[in-house]
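Peer 1: dropping a prediction and its sequence here:
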Amino acid sequence: MEILLILAPFSVGLGLMAVGAFWWTLRDGQYEDPVGDANRILVDDPEDRPAV
């Protein structure tokens, strides 16, 4: 039963770190243009190919 005294604060801390990381990505603008990123994958741009 004493393990709960260790695991409960640890899990709360881990959850707070995950929320903090998510908040950081929101503030950093990681989710600003998901449609453009999805379309950029499908475009066959010759500039992206390695030189032969």
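Peer 2: Sure, I can see it.
Peer 1: from the chain's centroid, how far away is the top helix by length along the chain?
Peer 2: When the chain is parsed with DSSP state H, its longest helix is helix 3-28. How far helix 3-28 lies from its chain's middle: 14 Å, per CA atoms, centre = their mean, to the nearest Å.
Peer 1: pull out the buried residues from it.
Peer 2: Across helix 3-28, burial judged by 16 or more other CB atoms under 10 Å covers no residue at all. All C-beta atoms are positioned from the backbone trio N, CA, C, and that covers glycine.
Peer 1: give me the mean pLDDT for it.
Peer 2: Mean per-residue pLDDT for helix 3-28: 96.
Peer 1: show me what it is packed against.
Peer 2: With contacts defined as 3 or more CB pairs under 8 Å, 6 or more residues apart in numbering; DSSP states H and E, helix 3-28 has no helix or strand neighbours.
Peer 1: after that helix comes which helix or strand?
Peer 2: helix 34-42 (DSSP states H and E).
Peer 1: distance between that next one and the chain's centre?
Peer 2: 17 Å.
Peer 1: which strands and helices sit next to that helix?
Peer 2: Helix 34-42 packs on no helix or strand, going by 3+ CB pairs under 8 Å, 6+ apart.
Peer 1: just the CA trace of it, in PDB.
Peer 2: The C-alpha coordinates for helix 34-42 follow below in PDB (Å, rounded to 0.1, in the frame of the first residue of the first chain):
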ATOM      1  CA  PRO A  34      -2.000  21.000 -40.900                       C
ATOM      2  CA  VAL A  35      -3.700  21.100 -44.400                       C
ATOM      3  CA  GLY A  36      -0.600  22.600 -46.000                       C
ATOM      4  CA  ASP A  37       1.600  20.000 -44.400                       C
ATOM      5  CA  ALA A  38      -0.600  17.200 -45.600                       C
ATOM      6  CA  ASN A  39      -0.600  18.600 -49.200                       C
ATOM      7  CA  ARG A  40       3.100  19.200 -49.200                       C
ATOM      8  CA  ILE A  41       3.600  15.400 -48.700                       C
ATOM      9  CA  LEU A  42       1.700  14.700 -51.900                       C
END
